[in-house]
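**Student:** Sharing a model that was predicted from the sequence below.
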Amino acid sequence: MVVATSKTRNRKVMTPQEKASKLYTDAYNRWCYELSHDKNYTIAKSICSYICREVLGDMGADRGYEFWCEVERLVEGSNHEQLYKTYEK
């Protein structure tokens, strides 16, 4: 049984585009330290695709399946300017 806490109750539901941007930005800022922007872009996209595939593999045909397929499609089909966002914490 899942109990709704104040943290889960107040959490904003993200669109696939927002989730793709958030995953990409987090990956880029945390794990991309190459001197080449192109390498960093490729690394961040690879990390995002890996995360999506892992979630989809664990999920099967669950209700979030289409959401994560769309997130992966957006990551694969977008460039750095479309994905990279600055988020306030």
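**Tutor:** Arrived safely, thanks for sending. Numbers count the residues shown, from 1 in each chain.
**Student:** can I assume residue 31 is in contact with residue 46?
**Tutor:** No. Judged on CB atoms under 8 Å, residue 31 makes no contact with residue 46 at a distance of 9.9 Å. C-beta: built from backbone N, CA, C; applies to glycine.
**Student:** Can you list the helices and strands that the helix or strand encompassing residue 30 packs against?
**Tutor:** Assigned by DSSP states H and E, residue 30 falls within helix 16-31. Secondary-structure packing of helix 16-31 (3 or more CB pairs under 8 Å, 6 or more residues apart in numbering; DSSP states H and E): helix 37-59, helix 65-77, helix 80-83.
**Student:** what about the ones you listed, which gets the closest to residue 27?
**Tutor:** helix 37-59 (4.0 Å; CB to CB).
**Student:** Other residues contacting that closest one?
**Tutor:** Applying CB atoms under 8 Å, 6 or more residues apart in numbering, the contact partners of helix 37-59 are 20, 23-24, 27-28, 31-34, 64-65, 68-69, 71-72, 75-76, 79-80, 83.
**Student:** quick one, it and helix 16-31 angle?
**Tutor:** 120 degrees (axes from the mean of the first three to the mean of the last three CA atoms, to 10 degrees).
**Student:** Below-threshold pLDDT in this protein: ranges please.
**Tutor:** Judged by pLDDT under 70, the chain has its weakly predicted residues at 1-10, 60-63, 87-89.
**Student:** what residue lies at the spatial centre of it?
**Tutor:** In the chain, the C-alpha nearest the mean C-alpha coordinate belongs to residue 23, at 2.8 Å (CA atoms, centre = their mean).
**Student:** so what's that one up against?
**Tutor:** Counted by CB under 8 Å, 6+ apart, residue 23 has contacts 47, 48, 51, 52, 71, 75.
**Student:** Around residue 38, count how many other residues there are.
**Tutor:** 9 (other CB atoms under 10 Å).
**Student:** Any figure for the gap between it and residue 32?
**Tutor:** 11 Å (CB to CB, to the nearest Å).
**Student:** What residues sit buried inside the helix holding residue 30?
**Tutor:** 16, 19, 20, 21, 22, 23, 24, 25, 27, 28 (16 or more other CB atoms under 10 Å).
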